[in-house]
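> Got a sequence here, can you build the structure:
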Amino acid sequence: MDKHQTVKQAIVNTVKLANLLLSDLSLVLKDYGLSEPQYNVLRILRGAGKESLNLFQIRERMIQASSNTTRLIVKLKNKGLVATRTCPGNRRKVEVNISSKGLKLLKQFDPEMKKFEAKIAEKMSVDDAITLNALLNKLIEQYLYNTK
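Model (predicted):
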């Protein structure tokens, strides 16, 4: 196989794997009333701790950056999973924090996520995971900074 065909196959396999993983994750999240982007936002907010994040900061950290971040936040707020506050100095800027209900839901979901990760981890060695991460990080960096 030449370089072009090999790279093409790597891209197809990467997309196929991403879709398989997202499909499995979505099935698990469905039981908790969450979509993958909503789960991603909650994880980001939990990681921020007590620090508030604005919509741009959330969108920047998302796995699948979405122009619908506002809609995601509204849905999470309606479920009581996040709290929002309009910035006093800039009324167009909204600051978001995870609520105690959101933290509780993530804590309930954490064991499911560990099972999900373990299912994948049992199929690869640590060395394989290190190699895969290095290659994916290299491609992500090149893609992000060389396609604009």
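
> Show me what the biggest strand by length in the chain is packed against.
Criterion DSSP state E: the longest strand present in the chain is strand 90-98. In terms of contacts (3 or more C-beta pairs under 8 Å, 6 or more residues apart in numbering; DSSP states H and E), strand 90-98 is packed against helix 36-48, strand 53-54, helix 55-61, helix 69-78, strand 82-87. C-beta coordinates here come from the backbone N, C-alpha and C atoms, glycine included.

> Could you export the ones you listed as a markdown table, including mean neighbour count and distance to residue 138?
Converted to a markdown table, the helices and strands packed on strand 90-98 look like this (neighbours: other C-beta atoms under 10 Å; distance: least, C-beta to C-beta, whole Å):
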| stretch | mean neighbour count | distance to residue 138 |
| --- | --- | --- |
| helix 36-48 | 19 | 23 |
| strand 53-54 | 18 | 28 |
| helix 55-61 | 16 | 20 |
| helix 69-78 | 17 | 28 |
| strand 82-87 | 15 | 34 |
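
> Serialize those to a markdown table and add fields for distance to residue 133 and mean pLDDT.
Formatted as a markdown table, the helices and strands packed on strand 90-98 follow (distance: least, C-beta to C-beta, whole Å; pLDDT from 0 to 100):
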| stretch | distance to residue 133 | mean pLDDT |
| --- | --- | --- |
| helix 36-48 | 18 | 95 |
| strand 53-54 | 25 | 94 |
| helix 55-61 | 18 | 91 |
| helix 69-78 | 27 | 94 |
| strand 82-87 | 30 | 92 |
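
> what about those, which gets the closest to residue 16?
Residue 16 lies closest to helix 36-48 among those, at 16.9 Å (C-beta to C-beta).

> contacts for the closest one?
If you take C-beta atoms under 8 Å, 6 or more residues apart in numbering as the criterion, helix 36-48 is touched by 22, 25-26, 29, 32, 34, 53, 58, 61-64, 66, 68-69, 72-73, 75-76, 81-82, 96-98, 102-103, 105-106, 109.

> And stretch 110-119, by the same measure?
With C-beta under 8 Å, 6+ apart, stretch 110-119 has contacts from 24, 25, 28, 31, 32.
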